[in-house]
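1. Provided below for reference: sequence and predicted model.
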Amino acid sequence: MRSIKYKITIYFLVAVFFTVTLLEVLFIFFLRRHYYDNTEALLVNQLKTSADFYRKYCYSSSLVDNIYDNVDVFWKQTNAQVQVLDLNGKLIADSIGVKEGVVIHDDDVRKALKGEKGRWIGRVYYDSNEVMAVSYPLMSGNKMDGVLRFITSLKEVNKSIRAISILFISIGVMVFMIGVFLSYILANSIVNPIKEVTKVAERMAVGDLLVRSNSKRVDEIGSLANTLDYMAEELKKRDELKNDFISSVSHELRTPLTAIKGWAVVLNNEETDRAMLDTGFKIIEKESDRLSAMVEELLDFSRFVSGKVKLNIEDVDISQLIDYVNVYLRPRAERENIEFTVYCEPDLPLISADSSRLKQVLINLLDNAFKFTDSQGSVLLKVYKAENNLKIEVNDTGCGISKEEIPRVKEKFFKGKNSKSQNGIGLSICDEIIEMHGGTFQINSELNKGTKVLVTIPFEA
């Protein structure tokens, strides 16, 4: 497997190579074009001078006579090779003695015969170097008599282009070598911090949740390092909560089991009278119910965490549900001397929900309200409609919850300082049930003044 460092280096070098190569190709192309265009412009100026001379002073005779009579004039206009061709492209005269009578079909000649300036670059048999030929029509009035052609060797021009190209290719090679060095530094600047973060993550993976990267970087790697630190802190907190939860559950389970075992030993005696038997059986039954409720709550929590809970949706008359809760908890309120008030707005519509789960939520919320409310206190259950939402309020005058703990009371396993819950998962289960109904769950509280819980469940009008 190739490392990120290797990939970064290769990708950077490929980018540098193609960029430098493209720039070199473009530079050489435009350099060559610049030199060739300048050479052509020089020949064109000389051609026009000769063509103008022919048009002004050589119109009275034929092309052949004019060329032979005034050949020196054409030869002296340039250092280039001069050729004169007739309207058929046949060579009439050549300044360096190329065999006359040859028909030339090069592109520049064909364009000149059409009355346009033409240029051709190529090789000729009498020169080992590339040449440039520029042709221009010879006009006598409005009539074309022939073609004037200047040919020059590109030996020196190509030599200059080659020298400059080699210089810039050398510079390109140097730039590429610098790119190799910079790519190595760049790869290290990215990979080394990642390696450090990876080492920290590996230590976290084996259970060392106290290790921190403490990165000062302000880029994506720094963000990743900070996220890992945050994750480790959260895992540490959740691990502590889990341990507290296990300890709490163990303690809560031990209490009823101890009572059951203790009374079983007491009752397993022939001398135990009937009154003692009745007391013992009632305690065993009560503790068994308590133990069963705790196990059921733990099973519910496990189902919610694993996503195996499915709601049994049906049309629910919320008024009947509130009546059941009122009857169920009224004896407890009287026993604990707490004023329990229930208000249910009349004519509430049927809602699509799981009645047993909503009942579980109500009983859990009211159970918490009673636990945290002292004797002579009050608990209010209020149910009403607001637009297309069912509102359920539970208010108590209990000890309240601190501002620091409110954001965490719905977390799994969390138990506050004043908590009297068995395992810290009741509100977490309520939150899951309400969320599955598409609702919201809000808790507002103030220490020593009480708590207000608001549940909102949407329904179709």
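-> Great, that's in hand.
2. So which residues make contact with stretch 227-240?
-> Stretch 227-240 is contacted from outside by 197, 200-201, 204, 209-215, 412-413, using C-beta atoms under 8 Å, 6 or more residues apart in numbering. (Each C-beta comes from the backbone N, C-alpha and C, glycine too.)
3. Give me the mean pLDDT for that stretch.
-> In this model, stretch 227-240 has a mean pLDDT of 81.
4. what separates that stretch from the chain centre, distance-wise?
-> Distance of stretch 227-240 from its chain centroid, counting by C-alpha atoms, centre = their mean, to the nearest Å, is 24 Å.
5. Kindly report the same for stretch 263-281.
-> The chain centroid and the centroid of stretch 263-281 are separated by 70 Å, computed with C-alpha atoms, centre = their mean.
6. Show me what counts as buried in it.
-> Neighbour-count burial for stretch 263-281, counted by 16 or more other C-beta atoms under 10 Å, picks out 263, 280.
7. now for that stretch, what's the gap between its first and last residues?
-> 8 Å (C-alpha to C-alpha, to the nearest Å).
8. So which of the contacts of stretch 227-240 is the closest to V84?
-> V197 (80.8 Å; C-beta to C-beta).
9. send the alpha carbons of stretch 42-60 over as PDB?
-> C-alpha atoms of stretch 42-60 as PDB (Å, rounded to 0.1, in the frame of the first residue of the first chain):
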ATOM      1  CA  LEU A  42      11.800  41.600 -43.400                       C
ATOM      2  CA  LEU A  43      11.500  39.700 -46.600                       C
ATOM      3  CA  VAL A  44       8.000  41.100 -47.300                       C
ATOM      4  CA  ASN A  45       9.300  44.700 -46.900                       C
ATOM      5  CA  GLN A  46      12.100  43.900 -49.400                       C
ATOM      6  CA  LEU A  47       9.700  42.200 -51.800                       C
ATOM      7  CA  LYS A  48       7.300  45.100 -51.800                       C
ATOM      8  CA  THR A  49      10.100  47.500 -52.600                       C
ATOM      9  CA  SER A  50      11.100  45.400 -55.600                       C
ATOM     10  CA  ALA A  51       7.500  44.800 -56.600                       C
ATOM     11  CA  ASP A  52       6.700  48.600 -56.500                       C
ATOM     12  CA  PHE A  53       9.800  49.300 -58.600                       C
ATOM     13  CA  TYR A  54       8.600  46.800 -61.200                       C
ATOM     14  CA  ARG A  55       5.100  48.200 -61.200                       C
ATOM     15  CA  LYS A  56       6.400  51.800 -61.700                       C
ATOM     16  CA  TYR A  57       9.200  51.300 -64.200                       C
ATOM     17  CA  CYS A  58       8.900  47.900 -65.900                       C
ATOM     18  CA  TYR A  59       5.500  48.000 -67.400                       C
ATOM     19  CA  SER A  60       6.400  48.700 -71.000                       C
END
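10. List the contacts of it.
-> 66, 70, 73-74, 77-78, 80, 117, 132, 134-141, 145, 148, 150, 152.
11. returning to that earlier point: list only buried entries from the contacts of stretch 227-240.
-> Looks like the contacts of stretch 227-240 have 197, 200-201, 204, 209, 211, 213, 215, 412-413 buried, using 16+ other C-beta under 10 Å.
12. re earlier: could you take the contacts of stretch 227-240 and lay them out as JSON lines, with extra columns for pLDDT and secondary structure?
-> Formatted as JSON lines, the contacts of stretch 227-240 follow (pLDDT from 0 to 100; DSSP: H, G, I helix; E, B strand; the rest coil):
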{"residue": "V197", "pLDDT": "82", "secondary structure": "helix"}
{"residue": "V200", "pLDDT": "83", "secondary structure": "helix"}
{"residue": "A201", "pLDDT": "83", "secondary structure": "helix"}
{"residue": "M204", "pLDDT": "81", "secondary structure": "helix"}
{"residue": "L209", "pLDDT": "76", "secondary structure": "coil"}
{"residue": "L210", "pLDDT": "80", "secondary structure": "coil"}
{"residue": "V211", "pLDDT": "81", "secondary structure": "coil"}
{"residue": "R212", "pLDDT": "82", "secondary structure": "coil"}
{"residue": "S213", "pLDDT": "79", "secondary structure": "coil"}
{"residue": "N214", "pLDDT": "76", "secondary structure": "coil"}
{"residue": "S215", "pLDDT": "77", "secondary structure": "coil"}
{"residue": "K412", "pLDDT": "64", "secondary structure": "coil"}
{"residue": "F413", "pLDDT": "60", "secondary structure": "coil"}
